[in-house]
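Colleague: build me a structure from this.
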Amino acid sequence: AALAFTYNITKDIIAERAAIDTENARKEVLADADSFRKMENIEDIIGDNPELKVIREIYVGLKDDQELGYVFSIVCKGYGGEMNITAGIDNDGKVTGVKIGDHSETAGLGSKATDPKFLSQFKDITPKGSLKIIKGKKEKPEEINAVSGATVTSTTITNAVQAALNMSAKLGNEGGGSSE
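Modeller: Here you go, the predicted model:
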């Protein structure tokens, strides 16, 4: 009974805090936007494409009612379980930021891929081809150095960002998506 009472008192506070954290993540990955509009019916845009099914929500980033790009909420399976990833892509196909939310990656190994040092490899790149994990010297912007001991997690994050890039390109080709 005490647990149920405590839950009922704190559930709204927890939900409000989660909404604030999610909004802050959107602002972090598409910093030039001053507001975001959630796209509806994204399942119609994703269709049967298995690579895009990891995208759970799409927001159009706006500044003074001008569309700047998109923010994607992505849920992928990492080494330790589900990973929540937020990625921003501007209208030119440039990655504006990547933020890792809740995850179950191994502390000290897979969790290293959530560090700014790894994630900074994505920022401000406009890949000419598909993103690719490497374990050596980078020669192209689309090459991402894997975190030693965390190749699965590095690959998961890279694939999530690639899904965001692919969806952004698809939305650009289709003139955006419907929103309500």
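Colleague: who does the strand ranked longest in the chain pair with, and is each partner parallel or antiparallel?
Modeller: Across the chain, the longest stretch assigned as strand under DSSP state E is strand 66-77. Take DSSP bridges as the rule and strand 66-77 pairs in its sheet with strand 55-63 (antiparallel), strand 82-90 (antiparallel).
Colleague: hey, where'd the helices end up in the protein?
Modeller: Per DSSP state H, the chain carries helices over the ranges 2-29, 42-46, 116-119, 151-173.
Colleague: looking at the ones you listed, which is buried most?
Modeller: Per-stretch averages of neighbours, counted by mean count of other CB atoms under 10 Å, single out helix 151-173 among the helices of the chain, with a mean of 21. Using the backbone N, CA and C atoms, a C-beta is placed for each residue, glycine as well.
Colleague: what is that one packed up against?
Modeller: helix 42-46, strand 55-63, strand 66-77, strand 82-90, strand 95-100, helix 116-119, strand 132-134 (3 or more CB pairs under 8 Å, 6 or more residues apart in numbering; DSSP states H and E).
Colleague: using PDB, list the CA coordinates for that helix.
Modeller: Taking Å, rounded to 0.1, in the frame of the first residue of the first chain, the C-alpha atoms of helix 151-173 are listed here in PDB:
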ATOM      1  CA  THR A 151      32.400  -2.600 -31.300                       C
ATOM      2  CA  VAL A 152      28.800  -3.800 -30.900                       C
ATOM      3  CA  THR A 153      27.700  -0.600 -29.200                       C
ATOM      4  CA  SER A 154      29.700   1.600 -31.600                       C
ATOM      5  CA  THR A 155      28.100  -0.200 -34.500                       C
ATOM      6  CA  THR A 156      24.600   0.100 -32.900                       C
ATOM      7  CA  ILE A 157      25.000   3.900 -32.500                       C
ATOM      8  CA  THR A 158      26.500   4.300 -36.000                       C
ATOM      9  CA  ASN A 159      23.600   2.300 -37.500                       C
ATOM     10  CA  ALA A 160      21.100   4.500 -35.600                       C
ATOM     11  CA  VAL A 161      22.700   7.700 -37.000                       C
ATOM     12  CA  GLN A 162      22.700   6.100 -40.500                       C
ATOM     13  CA  ALA A 163      18.900   5.400 -40.100                       C
ATOM     14  CA  ALA A 164      18.400   9.000 -39.200                       C
ATOM     15  CA  LEU A 165      20.400  10.200 -42.200                       C
ATOM     16  CA  ASN A 166      18.400   7.800 -44.500                       C
ATOM     17  CA  MET A 167      15.100   9.000 -43.100                       C
ATOM     18  CA  SER A 168      16.100  12.600 -43.400                       C
ATOM     19  CA  ALA A 169      17.000  12.100 -47.000                       C
ATOM     20  CA  LYS A 170      13.700  10.400 -47.600                       C
ATOM     21  CA  LEU A 171      11.800  13.200 -46.000                       C
ATOM     22  CA  GLY A 172      13.700  15.800 -48.000                       C
ATOM     23  CA  ASN A 173      12.900  13.900 -51.200                       C
END
